[in-house]
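In: Model the following, please.
(2 chains)
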Number of protein chains: 2
Amino acid sequence: MTKTDNHSRRMDNIAPFYVMDIVNRVKELEQEGRDIVRMEVGEPDFVTVEPIIQAGIEALQNGCTKYTSSLGIVELRKKISLYYQEKFGVDVPYERIVITNGASGALMLAMGVLVNYADRVILSDPGYPCNRHFVRMFDGDPVMLPVDASTNYQLSASMVEKCHEKGAKAVLLSTPSNPTGTIIAIDDIARIHQICAANGSELIVDEIYHGLVYDSDPPSAVTVSDDLFVINSFSKYFGMTGWRLGWMVVPEKYVDAIDRLSQNVFLSAPTMAQYAAIEAFNPKTIQILEQRKQKLKKRRDYLLPELQKIGFIIDAEPQGAFYLYADCSKFTDDSYKFCLDLLENAGVAITPGIDFGKHNENKYVRFAYVSSMERLKSGVERLASYLS
Amino acid sequence: MTKTDNHSRRMDNIAPFYVMDIVNRVKELEQEGRDIVRMEVGEPDFVTVEPIIQAGIEALQNGCTKYTSSLGIVELRKKISLYYQEKFGVDVPYERIVITNGASGALMLAMGVLVNYADRVILSDPGYPCNRHFVRMFDGDPVMLPVDASTNYQLSASMVEKCHEKGAKAVLLSTPSNPTGTIIAIDDIARIHQICAANGSELIVDEIYHGLVYDSDPPSAVTVSDDLFVINSFSKYFGMTGWRLGWMVVPEKYVDAIDRLSQNVFLSAPTMAQYAAIEAFNPKTIQILEQRKQKLKKRRDYLLPELQKIGFIIDAEPQGAFYLYADCSKFTDDSYKFCLDLLENAGVAITPGIDFGKHNENKYVRFAYVSSMERLKSGVERLASYLS
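Out: Modelled structure (predicted):
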């Protein structure tokens, strides 16, 4: 990090993605002609599915190039409402569904309407790097609770309850989790919601990877209560990363504040993406997305035991997303150096644990199964050979 | 504004766009079959020009649907660098040019890397509503200096100097200004930059409407110094509002902090928009954009004297953007009520001064010449008839 005399204090605590060092070195090596098996970025190798691309093209042809209302086009909000009705049997009125600039925009709006200077927000460690930085963006205090296999790398109700003794403004759960792929049971979400309600804090549930759970079909947190924030995204299950589109279900009493903040800091989410996303809920589109999901499941089912054979420890069931969070302490006590070493000497790119928190961060690395089976097999061979 | 017990204190000071009340009432009236001349929103009636739409379609056909780097694609950053070289004869290395989620994203990043709790940021009043709210988003203190015709509705060097006696973290200039359309001379920008440099504050120049100056061809603030922030947008001159794309020229020492914040809160700007925007600098595209600019100029040249005949006072030359900021004190001492009254009884939609600040805000309204000449003529007739 470059220091300047004049930048805001918050920037002292907003870390870069260390994986970008890996990504940049991958690009250099590839330019030199090296072949690298890439398992470092949180984005599958698929481009957006054809029906959504076609819908985007049609939106452009129809001149859908102007601002929308800041909460998003009603047609898309109603589609999402219908999706909750059909998939989970729960009535989420479209008025509480806000279209956002990716899940990033949703996290920003939620923290912006909640977090005051020094307010505590409870998060899991490890967790998605940006979560703690969204809290710091508003000069809040991210309270990162260490989690491990004993709680499936998720916050437990008792941890959350104990942490409330010192006060908290909000609790953020992510299920499935990035980087661990582990999920939290709906009953635990309900218990944590009760604790938040009893303590005057708000619960935010990040379901960005909720469409990518492989062995079960867990209910959405919207089934728990009307009085929590639920964040989702068109990026992961729907494969629309570069379109920058997400959504958030908002407790009714916060809709006005979210609208005001969104008007002022975003104006609106990308228009052609909103029109294209309507097509995301079409049964034909869902069929293609489900096929892709099966591919991801096969990759996980292959990679998990292979990594364990090599000596990585994965001690909680990674049930979703496209990540494996692996204990690499057999090989190193410096996850960042280890990742650079694997890149240079084995031709495999993965993400160091230091991106995800401060709890055993040097003992872990994240594998993203975002390459084809052939490439994953090649990666496993290289790792097995280099680390044996 | 709805109050909740639990929202962050900043939300008490983040106002909605009052014009949205007008917009919503317009929609109701139009559904009832009423014909409304719309001059209320900051978006021209044109859709995006065909070459940019085609480039967007090609980007989608080519599968440009994944994340880009958070600073934006190098090809577009280099195009913008070349644009500064060719148009203003100044070398702005692409490494200092950051692609953002609209100019909104640029303002957010700039304030995020600069503003600490209670830091003062100097702005003009009237000014673009979101400017003060971006400061408040980071719990800074927007110092809104009243401006009038005596300084062309812009901050003057002496005002900025005096205001620094109590300290300031940054100064924000907008040229041409929303809502007044007035510009600030490049020498005055240079003087204000010197004051900022001498006082350890940073200068941010918002040039979102810089491509839309009708009677002159002012240099960009990038010609003043390498050591200031310059914000621009593909929304206004380039007509890409709904694509949500802008850029910012950043002092070198802040690039790293901007990159870190952007990585964490945006990930990246919309990918297809970035590829489409490359086409924005094509001479054929510029030719169409210049024709549109001439249309806007004709509208201004028509509307300005007509409004003056009716009794609105416009006492500083509106040289750019697509706005006229008119003193309506002959008719009212409540700009919001006046706008609702004109909408209901004359069928004309305009924006109340209360959206733009606290200085004589009830004595002013904003006219946006974003409808065709025919519609503007109809609007003028209605106003003349109703207000006579």
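
In: CA atoms only for the worst-scoring helix or strand of chain A on mean pLDDT, dumped as CSV, please.
Out: Using mean pLDDT, DSSP states H and E, helix A:19-31 stands out as the lowest-scoring helix or strand of chain A, at a mean of 92. Extracted in CSV, the C-alpha atoms of helix A:19-31 (Å, rounded to 0.1, in the frame of the first residue of the first chain):
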residue,chain,number,x,y,z
VAL,A,19,-4.8,-12.3,-4.9
MET,A,20,-4.3,-9.5,-7.4
ASP,A,21,-0.5,-10.0,-7.0
ILE,A,22,-1.1,-13.6,-8.0
VAL,A,23,-3.3,-12.5,-10.9
ASN,A,24,-0.8,-10.0,-12.1
ARG,A,25,2.1,-12.5,-11.9
VAL,A,26,-0.1,-15.1,-13.8
LYS,A,27,-0.5,-12.6,-16.6
GLU,A,28,3.3,-12.0,-16.8
LEU,A,29,4.0,-15.7,-16.8
GLU,A,30,1.3,-16.4,-19.5
GLN,A,31,2.9,-13.7,-21.6
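
In: Give me the next element, helix or strand, following that helix.
Out: strand A:37-38 (DSSP states H and E).

In: Could you name the helices and strands sitting against that following strand?
Out: strand A:348-349, helix A:373-387 (3 or more CB pairs under 8 Å, 6 or more residues apart in numbering or on different chains; DSSP states H and E). C-betas here are computed from N, CA, C, even on glycine.

In: same thing but 6 Å
Out: Counting contacts by 3 or more CB pairs under 6 Å, 6 or more residues apart in numbering or on different chains; DSSP states H and E, strand A:37-38 is packed against helix A:373-387.

In: what does the helix it packs on contact?
Out: A:37, A:299, A:303, A:306, A:310, A:346-348 (CB atoms under 6 Å, 6 or more residues apart in numbering or on different chains).

In: quick one: which of those residues has the most company?
Out: residue A:303 (26 neighbours; other CB atoms under 10 Å in any protein chain shown).

In: Was I right to think that one contacts residue A:368?
Out: No. If you go by CB atoms under 6 Å, residue A:303 and residue A:368 don't touch, sitting 9.9 Å apart.

In: which parts of the stretch 1-150 of chain A sit against chain B?
Out: A:2, A:4, A:7-9, A:11, A:14, A:16-17, A:43, A:47-48, A:53, A:56-57, A:60, A:63, A:65-67, A:101, A:104, A:108, A:113-117, A:130, A:133, A:139 (CB under 6 Å from any CB of the partner chain).

In: Where does the stretch 101-250 of chain A get nearest to chain B, which residue?
Out: As assessed by CB to the nearest CB, chain B sits closest to residue A:242 within the stretch 101-250 of chain A, at 3.2 Å.

In: and that residue, that one's in a helix?
Out: Yes. Counting by DSSP: H, G, I helix; E, B strand; the rest coil, residue A:242 is found in a helix.

In: burial of residue A:35, as a residue count?
Out: Number of residues near residue A:35 (other CB under 10 Å) recorded here: 10.

In: I meant residue A:382, not that one.
Out: Counted with other CB under 10 Å, residue A:382 comes out at 18.

In: ok, now residue A:102?
Out: For residue A:102, the tally of surrounding residues (other CB under 10 Å) stands at 31.

In: Now for it: which residues touch it?
Out: Contacts of residue A:102 (CB under 6 Å, 6+ apart): A:244, A:246.

In: do that again at 10 Å, thanks
Out: A:108, A:208, A:231, A:233-235, A:240-247, A:269-270, A:273, B:67, B:101, B:265-268, B:270 (CB atoms under 10 Å, 6 or more residues apart in numbering or on different chains).
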